[in-house]
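A.B. asks: sequence? don't have it. structure:
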């Protein structure tokens, strides 16, 4: 017998066997994976395998099958009648206690961004007097996010390293990335793979700010208040072109019924199981139950490939705290903003990337006509750079899918004969053609998911697709 007790938001996936199921590829599960970028609930690539659910105690037998399970935590919404100052004081004490417990006396590696989650960690670690080495990265030809991060590091007196994410880095690290995440998330997002060897040289343990933006903001944006619960999940979770790809796979595999009807039924049933009346809190709980452990946590494995990982916002105590804080105090990042301003005013005066060029004291001014000069300057700068032949990079996939060399690598995976037989040649051809000729932004997710499935399929088959560099080396040696 083996006992596994999963946290409220697990850092890692734990697997068990499904009783009485023969091993087969779970095509329905893969369709949802294609639509969202993560597997839903307990789904995996195979019908006889399942992932253990959050906040649950399991007893597994010697064959890895579940014999007993007890739910230890259910998301709830019971906001207490407290003042904002009380909520802030409680958050301050809790957050810094968690960071201290997780950090101990170990050196800390802190990835910094231009946002609030890592900034709040920087402020806490500075207040604690922790031994911190910070870093950040920016795209080649993209927004210089590391400039904001460097200012935050200076405000906290942390050593800082600026790293650059190069074009086409994916193809050199793709096989290793697949070994790390087992293809349970797509490969275009984990930028840290491009600098993994650099990160391994920094001593310490990571402290990561993931999920802070979900906990400490509105569960529903103001402009989405009219949407149904299902409509909100669709808008938040279903990726651009995800439905198109999933529906194409469903038809190619000749699965019974309609994919979208199946997807809606699955989501509606999971929403029904969350006993929360407040819609915003319910959506936050849904994302914490299913999105966080099956997408965000999977991506954390790339950090773990370098060093141990700590995630303060994942802590069970933080999850329970969120359930008792009034929604009005969680909205618009108020608690994090107030915390940073109280603990480190200097860090609060550094621009907030999401509200450029404003900071935590002035971001309310980010509206017309106040922000017009900045917007005009930014637009003119990009237009001038475009005239000079410099492309502005905004998205991860632009580094990996655009250009002749990237296209050569990508097609080698997508056009592998056994993979085409598996998903259907028409599916690959149609999605890639739409990416190339219709709307690359919209169809980039579909192409990324096809690449993920292609790598998973080659791993499953025990084969290896030779890379562009390997082919050049082979050709050179043969001559």
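C.D. replies: Sure, I can see it. What you see is a predicted model, and the numbers here were worked out from it, not measured in a lab.
A.B. asks: Chain neighbours aside, what residue packs nearest to the most centrally placed residue in the chain?
C.D. replies: When CA atoms, centre = their mean is applied to the chain, the residue found nearest the centroid is residue 296 (4.1 Å). Nearest non-adjacent residue to residue 296, counting by CB to CB, 6 or more residues apart in numbering: residue 210, 5.4 Å away. For the C-beta atoms, the positions are set from N, CA and C on the backbone; glycine is no exception.
A.B. asks: what pLDDT does the one you found get?
C.D. replies: Per-residue confidence (pLDDT) for residue 210: 95.
A.B. asks: residues touching it, list them.
C.D. replies: 117, 292, 296, 300, 311, 313, 314 (CB atoms under 8 Å, 6 or more residues apart in numbering).
A.B. asks: any idea which of those residues is closest to residue 353?
C.D. replies: residue 117 (11.5 Å; CB to CB).
A.B. asks: Residue 335 is in contact with the closest one, correct?
C.D. replies: No: checked against CB atoms under 8 Å, the pair residue 117 and residue 335 is beyond contact range at 12.0 Å.
A.B. asks: possible to save the contacts of residue 210 as a markdown table with secondary structure, pLDDT and distance to residue 103?
C.D. replies: Below are the contacts of residue 210 laid out as a markdown table (DSSP: H, G, I helix; E, B strand; the rest coil; pLDDT from 0 to 100; distance: CB to CB, whole Å):
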| residue | secondary structure | pLDDT | distance to residue 103 |
| --- | --- | --- | --- |
| 117 | helix | 95 | 16 |
| 292 | helix | 97 | 22 |
| 296 | helix | 95 | 21 |
| 300 | helix | 94 | 17 |
| 311 | coil | 97 | 12 |
| 313 | helix | 97 | 14 |
| 314 | helix | 98 | 14 |
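A.B. asks: So how do I select the buried members of those in ChimeraX?
C.D. replies: In ChimeraX, a selection of the buried entries from the contacts of residue 210 looks like this (16 or more other CB atoms under 10 Å):
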select :117,292,296,300,311,313,314
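A.B. asks: which one of the contacts of residue 210 sits closest to residue 375?
C.D. replies: residue 117 (25.3 Å).
A.B. asks: Can you give me the distance of the closest one to residue 311?
C.D. replies: The gap separating residue 117 from residue 311 is 10 Å, by CB to CB, to the nearest Å.
A.B. asks: which residues are common contacts for the two?
C.D. replies: Residues within reach of residue 117 and of residue 311 at once, by CB under 8 Å, 6+ apart, are 209, 210.
A.B. asks: buried ones in the longest helix along the chain?
C.D. replies: Assignment by DSSP state H gives helix 440-461 as the longest helix of the chain. Under the neighbour-count criterion of 16+ other CB under 10 Å, helix 440-461 has 440, 443-458 buried.
A.B. asks: show me the contacts for residue 29.
C.D. replies: 39, 40, 43, 44, 45.
A.B. asks: before we move on, back to that, can you verify my assumption that the residue nearest to the centre of the chain contacts residue 213?
C.D. replies: No: look at residue 296 against residue 213 with CB under 8 Å: they stay out of range, at 10.8 Å.
A.B. asks: Helices of the stretch 201-350 of the chain, start to end?
C.D. replies: 212-215, 229-237, 242-252, 259-272, 279-286, 297-304, 316-322, 327-330, 334-343, 345-348 (DSSP state H, counting those that start in this stretch).
A.B. asks: And for the stretch 1-150 of the chain?
C.D. replies: In the stretch 1-150 of the chain, the helices defined using DSSP H, counting those that start in this stretch lie at 27-36, 84-103, 117-128, 145-155.
A.B. asks: Determine the angle, from 0 to 180 degrees, between the shortest one and helix 229-237.
C.D. replies: In other words, helix 27-36. Between helix 27-36 and helix 229-237, the angle comes out at 70 degrees (axes from the mean of the first three to the mean of the last three CA atoms, to 10 degrees).
A.B. asks: Find the residue closest to residue 355 in space, skipping its chain neighbours.
C.D. replies: In this structure, residue 355 finds its nearest non-sequential neighbour in residue 363, 4.0 Å apart by CB to CB, 6+ apart.
A.B. asks: sorry, back to before: would you format the contacts of residue 210 as CSV with distance to residue 133 included?
C.D. replies: Formatted as CSV, the contacts of residue 210 follow (distance: CB to CB, whole Å):
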residue, distance to residue 133
117, 18
292, 27
296, 23
300, 19
311, 18
313, 21
314, 22
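A.B. asks: out of the contacts of residue 210, who's nearest residue 78?
C.D. replies: residue 313 (20.0 Å).
A.B. asks: Give the full set of residues in contact with the closest one.
C.D. replies: So residue 313 contacts 117, 209, 210, 211, 212, 215 (CB under 8 Å, 6+ apart).
A.B. asks: Quick check: it vs residue 334, distance?
C.D. replies: 16 Å.
A.B. asks: In this structure residue 318 contacts residue 212, no?
C.D. replies: No: between residue 318 and residue 212 there is no contact under CB under 8 Å: 9.1 Å.
A.B. asks: Which neighbours do those two have in common?
C.D. replies: Residues touching both residue 318 and residue 212 (CB under 8 Å, 6+ apart): residue 312.
A.B. asks: So for those two, which sits in the more crowded spot?
C.D. replies: residue 212 (24 against 21; other CB atoms under 10 Å).
A.B. asks: excluding its backbone neighbours, what's nearest that one?
C.D. replies: residue 117 (3.6 Å).
A.B. asks: Report the separation between that neighbour and residue 214.
C.D. replies: Distance from residue 117 to residue 214, by CB to CB: 10 Å.
A.B. asks: residue boundaries of the strands in the stretch 301-450 of the chain?
C.D. replies: Listed in chain order, the strands of the stretch 301-450 of the chain (DSSP state E, counting those that start in this stretch) span 309-310.
A.B. asks: Output the contacting helices and strands for the longest helix of the chain.
C.D. replies: For helix 440-461, the contact count by 3 or more CB pairs under 8 Å, 6 or more residues apart in numbering; DSSP states H and E identifies helix 27-36, helix 170-181, helix 242-252, helix 396-401, helix 404-414, helix 417-423, helix 425-437 as packing neighbours.
A.B. asks: angle of the strand ranked longest in the chain against helix 145-155?
C.D. replies: As assigned by DSSP state E, the longest strand anywhere in the chain is strand 132-139. Interaxial angle, strand 132-139 versus helix 145-155 (the same axes, to 10 degrees): 160 degrees.
A.B. asks: so what secondary structure elements neighbour strand 132-139?
C.D. replies: In terms of contacts (3+ CB pairs under 8 Å, 6+ apart), strand 132-139 is packed against strand 108-111, helix 117-128, helix 145-155, strand 160-165, helix 396-401.
A.B. asks: relative to helix 334-343, how tilted is the longest one?
C.D. replies: The one in question is helix 117-128. On the basis of the same axes, to 10 degrees, helix 117-128 is oriented at 40 degrees to helix 334-343.
A.B. asks: The nearest residue to residue 78 once chain neighbours are set aside: what's it in contact with?
C.D. replies: In space, and not counting its chain neighbours, residue 78 is closest to residue 324: 5.7 Å by CB to CB, 6+ apart. Residue 324 makes contact with 78, 79, 80, according to CB under 8 Å, 6+ apart.
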